[in-house]
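Undergrad: coordinates only, no sequence provided:
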C-alpha cells in the first residue's frame, strides 16, 4: 500500500515509517502542514497516519485539506491529547465523508497499528462474485471458533463460529470484504449453508468427545426469506444429530429484514424448538430497539465499537450501562464483543454483563487448535 506518515516528531516518523517499510509498504513522510499544502497530491495515498497536533497546526487542518482536495485516503490519528477531543475530530472527519479508521494513543503500540494496516490492506482487495463462486466450489471457506467466557467465573460458556476464507491466490480474505458481495449477488445462501454444515458437523464431533459448549452460528436475514429455510435447517440438524439446545443463532444486519412478519414467524418457531437467538451488533444502527421488541431474542450482543472505548470514554460506558440494564429488564443474556483489555473486562463485569469474547481471552481458532487450547 501507499502510505504517508504526518508527524512533527522525528522519532515517531522514524518508528512508524520503519514499521510500515518492514511490512512491504511504500512510505512517504511529512513533518508539517506546509509541506502538504505545497504538494497536496502527496496525500493521495491508501493510508495516512496523522498526528493530531502538528506544531501550531492540528490534524483537523490536514483533514480539511483532504476534503478540499477531494482525496479519499484512509486516516489513522495518533494522539496524546484528551481522548474526547480526538474522537470528536474522528466523527467530524466521518461527517465529511472521510475514511477515518480511528485513534491510536501515544506512546504508540506498534502491533495495534500493524493490525489496523493489515485489515485495511485485506479490505482493499477487490473481491468479485467469481472469486466467491470458485471458493465455494473448491471448499476454501472454513470456520474459526472464538470462545465466549462467563465474566464472573472465567469459565468457557460457548464458541462463536466465524467465517474464514483462506484463498491460494488472494491469501486470507476478511469477512468484511466478501460477506457484502455474497449478499448482493445471492451467494450468501449457499455460503451460509456450507458453513452451517461445517458448524453442525463440528458440534457433533465435540459433543461426542465430551466438549459440551454452546455454538453460535451467524445467519443472514436473507436466509430467513427463502421458502425452504426452516425445512432445510431442521433437516441438517437431523443429518448431523445435533440438538437445538446446543446452538445459538446470531442474526446479523437485522435492519436488512424486509419481511418482518415472516421473520417473526420463523424465529418464534426456532425459539419454540429450543434454539437461543441473538441480536448481533446491538447499538450500532444495524440492530434497532423496534426489532429487539418484535423479535424473540434471548441474547443481546454489545457491539465492539462501544467496548473499545468503555474504559476511558464516559459516553461509551453510559451507553453500555444502559444496554445491560435494558437486557436485564427484558431478561435477556448480554454478551460483549471485542474485549481486549483487563480494564474493559473488569468494567463490563461490574456493570453486570454476563459474558464476553475478545482478544483478552482468545483469538478465533480452528477446531484442532480449540481442542488443544
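TA: All right, it came through fine. What you are looking at is a predicted structure, and each value in this text was computed from that prediction instead of being measured.
Undergrad: CA only for contacts and neighbour counts going forward, please
TA: Noted.
Undergrad: give the burial count for residue 126, as a bare number.
TA: By the criterion of other Cα atoms under 10 Å, residue 126 has 11 neighbours.
Undergrad: the one 4 residues further on too?
TA: In terms of burial, residue 130 registers 9 neighbours under the definition other Cα under 10 Å.
Undergrad: now do the helix or strand hosting it, average pLDDT.
TA: For residue 130, the element it lies in under DSSP states H and E is helix 129-138. In this model, helix 129-138 has a mean pLDDT of 93.
Undergrad: where's that helix relative to the chain centroid, distance-wise?
TA: Remark: helix 129-138 is offset 23 Å from the chain centroid, using Cα atoms, centre = their mean, to the nearest Å.
Undergrad: next secondary structure after that helix?
TA: Next along from helix 129-138, by DSSP H and E: strand 141-150.
Undergrad: relative to strand 141-150, how tilted is the helix holding residue 130?
TA: With axes from the mean of the first three to the mean of the last three Cα atoms, to 10 degrees defining the directions, helix 129-138 sits at 80 degrees from strand 141-150.
Undergrad: give me the contact list for helix 129-138.
TA: 141, 167, 178, 181, 182, 185, 187, 191 (Cα atoms under 8 Å, 6 or more residues apart in numbering).
Undergrad: PyMOL command to pick out the buried ones of those residues?
TA: Here is the PyMOL selection string for the buried members of the contacts of helix 129-138, based on 16 or more other Cα atoms under 10 Å:
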select buried, resi 141+167+178+181+182+187+191
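Undergrad: if you count neighbours, what's buried in the helix holding residue 130?
TA: Quick answer for helix 129-138 (16+ other Cα under 10 Å): 132, 135, 136.
Undergrad: each with direction, which strands does the lengthiest strand in the chain pair with?
TA: In terms of residue count, the longest strand belonging to the chain (DSSP state E) is strand 156-167. Applying DSSP bridges to the sheet, strand 156-167 is found paired with strand 141-150 (antiparallel), strand 171-173 (antiparallel), strand 214-219 (parallel).
Undergrad: rank those strands by pLDDT, which is bottom?
TA: Across these, the stretch with the lowest average pLDDT is strand 171-173; it has a mean of 81.
Undergrad: any idea of the angle the very next helix or strand once past that strand forms with strand 156-167?
TA: Sequence order places helix 175-184 as the next helix or strand after strand 171-173, per DSSP H and E. Angle of helix 175-184 versus strand 156-167, following the same axes, to 10 degrees, is 80 degrees.
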